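**Student:** Sequence plus predicted model, see below.
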Amino acid sequence: MKDALQDFVNANRSQFDHKTPREGTWAKIESSLATGKRSWWNAVGVWRAAAIMLFGLCAYLLGIQQSRPVLGAGTLSADFKDLDVFYNDQINEKAEMVSQFQRERGEAGDEVTQNLQKLEAMYQVLKEEMKRRPTQDVKDALVLNLLVRIDLLNLQLKKLDSTGKGKEPSENI
């Protein structure tokens, strides 16, 4: 391809050479070069100023983030107190229903009761951890413990209700 272009230029050299630019064209080019006109986008000072402003903005935003208060014991504890009261009320209500079913049938505590006691012990340990080092992870673990206990009590109530009606329990716990 390079050879074809070169051959074409050599064959038509006379047609290329007969055209000349207007007389004022070269003068305009020289005048713009002599004055040194430059676009402000090409000025080094503008880019330096922009870099300094960007650096300052980053430092400012980092400073704001560092000065923002971290969620402390008060914030997490206050959020958790409402959840604690709500779920513990449900747990106490369901545990009373389970114990009432068991008293009516003359049954003693079973594996579910032991599991609930273990979960309660874990809950107390997590609650102490929440007092010492309140984090969102500890709060989540506490809520999960409460939800597991409620679920366990719901399953036990379902089992006791189905055995009370003379049916076989569908799930062993």
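**Tutor:** Arrived safely, thanks for sending.
**Student:** What's the first helix or strand after the one helix or strand residue 92 maps to?
**Tutor:** Assigned by DSSP states H and E, residue 92 falls within helix 73-105. On the C-terminal side of helix 73-105, the nearest following helix or strand under DSSP H and E is helix 111-132.
**Student:** State the pLDDT value of the spatially most central residue of the chain.
**Tutor:** The central residue of the chain, meaning the one whose C-alpha is nearest the mean C-alpha position (CA atoms, centre = their mean), is residue 136 at 12.9 Å. In the prediction, the pLDDT value recorded for residue 136 is 82.
**Student:** from memory residue 152 sits against residue 116, does it?
**Tutor:** Yes - when contacts are counted by CB atoms under 8 Å, residue 152 is listed as touching residue 116 (6.3 Å). Where C-beta positions appear, they are placed from N, C-alpha and C, glycine not excepted.
**Student:** so where's the chain uncertain?
**Tutor:** Screening the chain residue by residue with the criterion pLDDT under 70, one finds the ranges 1, 34-42, 66-77, 106-109, 164-173.
**Student:** any idea how it splits into domains?
**Tutor:** Each structural domain of the chain that the record assigns through automatic domain parsing is listed here as a residue range: 9-67, 73-164.
**Student:** Residue 2 is nearest to which of the ones you listed?
**Tutor:** Nearest to residue 2 among those is domain 9-67 (10.9 Å), distances taken as CB to CB.
**Student:** okay, the angle between the helix holding residue 92 and helix 111-132?
**Tutor:** Regarding helix 73-105 and helix 111-132, their directions subtend 170 degrees when assessed with axes from the mean of the first three to the mean of the last three CA atoms, to 10 degrees.
**Student:** List the buried residues for helix 73-105?
**Tutor:** Neighbour counts using 16 or more other CB atoms under 10 Å place 76, 80, 84, 87, 90-91, 94-95, 98, 101-102 of helix 73-105 among the buried residues.
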